[in-house]
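Trainee: I would like to see how this sequence folds:
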Amino acid sequence: MSKYKNLRSLVARLRDDLNNPTKPISLLLIFAYNRTGKTRLSMEFKDAGKRKTKKNPSATPDTLYFNAFTEDLFVWENDLDGDSVRRLQLNEKSSFFNAMTELALDEAIAGYLSRYADFDFDFTYKEVPQGKETVSKPDYVSFSKGTETNIKVSRGEQNIFIWCVFMAICERMLDGHQSYQGKKYLYIDDPISSLDDNNAISVACDLAKLLRRAATRKDGAGAPAPIKVIFSSHHSLFFNVMCNEVGRRVDGESKVTHKRYFLHRPGGDGAYTLQATDDTPFFHHVATLAELQRAADPAEGKLYTFHFNALRSVMEKTASFFGHPSMAFCLKALDNEEDRALFNRALNLLSHGAYAIHEPTEMGEDNKALFRRILREFIARFDFALPGVVAAQPVIPAPAPAAEEAPAQ
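Mentor: Below is the predicted model of the structure:
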């Protein structure tokens, strides 16, 4: 596990990975849960690529990126006056749309969109001043379904449309379109907000196919000309599908050289840790346990009632990982019936109720002691190795739980 004092030093590490002359890497897959700083990391990576340096004296931007800022270039207009002409307004000031006219993206966008949704779209363009000239840029996009026009699409449908626009642009980039000749990197951060799991899997498969193409890209003479890729997500299912799809061998294709990382910000400040991992999809729950163990530290931590919610969630996901329907599977690994019953009541009672989800309330001393006991037993019995936390507790081999158990009440 490596530590970095700020985003700039972390970006330098990622770029070094992608440009390692002895062990070239085409693709980095990064998992980090929400509020770690993934969006800020993607922007710092992009900014690093347009700074004036010896290797880039003209400060030409070298990264095509997708993140929350990309989604913000599209703003919904509900026509509050007429309540009829509803459309998605595009930010004409952004260079993201500079080449939209000559890219002829409609067919490619429609090809992707038809896989995830059942509505149609139509771009309206306008002439926009740019220096001493004017260029044609998309002004807005309207949607229809059957005979209905100017329809309002859901937030999920809106996001998937924006994603399809980006995927179509990526295709042109990989085709070598002149608008993207200076681009060496593709950075994609959390592209599936508001998507259900079915669409998440479909999008992940399509994206993995595109990223495989980027990693194995060749120029007109047949020489390797890869576009290096960084992908980050907090969504465990999406990340797992991406890892599986990118990691598998495909007949007739070169192997995609890639690394998988877990990104963490342990102190909540500007310092970061980057840990190489091959564990998917549930390794990120280890980080949650690490946070809980820090909170449970009597000397430096502070326990709130909502920590019972977090512990219950990890137990439920652990049980699911082993193919069991409830956290009763985890409780059955404990030493005695009295503890099992006590922990079951505590986790059910203290992880529910309005007090657990409103303003943080510190636990009472009795509940703190109980929480520490449950956490300690759980970590020991399931042999979790926690990254960068207090010294590991002694591990006691867990007995195999019985095959049948009643769900926790």
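
Trainee: show me this structure divided up by domain.
Mentor: 1-62+182-280, 73-156, 284-381 (automatic domain parsing).

Trainee: need those in a markdown table with distance to Ile169, mean pLDDT and mean neighbour count, can you?
Mentor: In this view, the C-beta of every residue, glycine as well, is placed from N, C-alpha and C. Shown next, in a markdown table, are the domains of the chain (distance: least, CB to CB, whole Å; pLDDT from 0 to 100; neighbours: other CB atoms under 10 Å):
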| stretch | distance to Ile169 | mean pLDDT | mean neighbour count |
| --- | --- | --- | --- |
| domain 1-62+182-280 | 10 | 84 | 17 |
| domain 73-156 | 7 | 87 | 14 |
| domain 284-381 | 30 | 76 | 17 |
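
Trainee: so can I have CSV of those showing distance to Glu171?
Mentor: Formatted as CSV, these follow (distance: least, CB to CB, whole Å):
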stretch, distance to Glu171
domain 1-62+182-280, 7
domain 73-156, 6
domain 284-381, 31
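
Trainee: quick one: closest of those domains to Cys164.
Mentor: When the domains of the chain are compared by CB to CB, domain 73-156 sits nearest Cys164, at 4.0 Å.

Trainee: and the closest one, end to end?
Mentor: With CA to CA, to the nearest Å applied, domain 73-156 spans 16 Å between its terminal residues.

Trainee: ok, stretch 289-302 next?
Mentor: End-to-end span of stretch 289-302 (CA to CA): 14 Å.

Trainee: follow-up on the earlier one: so for Ala168, which of the domains of the chain sits nearest?
Mentor: domain 73-156 (3.7 Å).

Trainee: Asn78 versus Val153, what's the distance?
Mentor: Applying CB to CB, to the nearest Å, the value for Val153 to Asn78 is 12 Å.

Trainee: and for the closest residue to Ala117 other than its chain neighbours, the neighbour number?
Mentor: Leaving aside its chain neighbours, Ala117 sits nearest to Glu157 (5.5 Å; criterion: CB to CB, 6 or more residues apart in numbering). Residues lying near Glu157 (other CB atoms under 10 Å) number 20.

Trainee: doesn't Asp120 make contact with Glu157?
Mentor: No. Using CB atoms under 8 Å, Glu157 is not in contact with Asp120; the gap is 11.7 Å.

Trainee: Ile25 belongs to a helix, doesn't it?
Mentor: No. Per DSSP: H, G, I helix; E, B strand; the rest coil, Ile25 lies outside any helix segment and is coil.

Trainee: residue boundaries of the helices in the stretch 1-150 of the chain?
Mentor: With helices called from DSSP state H, counting those that start in this stretch, the stretch 1-150 of the chain shows them at 7-18, 38-48, 68-71, 100-103, 106-116.

Trainee: spatially central, which residue of this protein would that be?
Mentor: For the chain, Ser233 is the residue whose C-alpha lies nearest the centre (CA atoms, centre = their mean; 1.2 Å).

Trainee: give the contact list for Tyr125.
Mentor: Counting by CB atoms under 8 Å, 6 or more residues apart in numbering, Tyr125 makes contact with Thr101, Ser136, Lys137, Pro138, Asp139.

Trainee: nearest to His307, of these?
Mentor: The closest of those, once distances to His307 are taken by CB to CB, is Pro138, at 47.6 Å.

Trainee: list the beta-bridge partners for the closest one.
Mentor: Tyr125 (DSSP bridges).

Trainee: going forward, begin numbering at 11 instead of 1
Mentor: Sure, I'll start counting at 11 from here, so that last one is Pro148.

Trainee: distance check, it against Arg96.
Mentor: According to CB to CB, Pro148 and Arg96 sit 17 Å apart.

Trainee: could you pull out the strands for the protein?
Mentor: Under the criterion DSSP state E, the chain contains strands at 12-14, 37-41, 73-76, 84-87, 97-100, 130-140, 143-155, 158-159, 195-199, 238-243, 268-274, 282-286.

Trainee: any chance of those strands in a markdown table, with distance to Phe107 too?
Mentor: Listed next are these as a markdown table, based on distance: least, CB to CB, whole Å:
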| stretch | distance to Phe107 |
| --- | --- |
| strand 12-14 | 34 |
| strand 37-41 | 27 |
| strand 73-76 | 13 |
| strand 84-87 | 10 |
| strand 97-100 | 6 |
| strand 130-140 | 9 |
| strand 143-155 | 5 |
| strand 158-159 | 23 |
| strand 195-199 | 18 |
| strand 238-243 | 22 |
| strand 268-274 | 30 |
| strand 282-286 | 33 |
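
Trainee: can you map out the helices along the stretch 161-310 of the chain?
Mentor: Counting by DSSP H, counting those that start in this stretch, one finds helices in the stretch 161-310 of the chain at the ranges 165-184, 207-225, 246-257, 294-306.

Trainee: need those in CSV with distance to Gly156, can you?
Mentor: What follows is the helices of the stretch 161-310 of the chain, written out as CSV (distance: least, CB to CB, whole Å):
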stretch, distance to Gly156
helix 165-184, 15
helix 207-225, 21
helix 246-257, 31
helix 294-306, 42
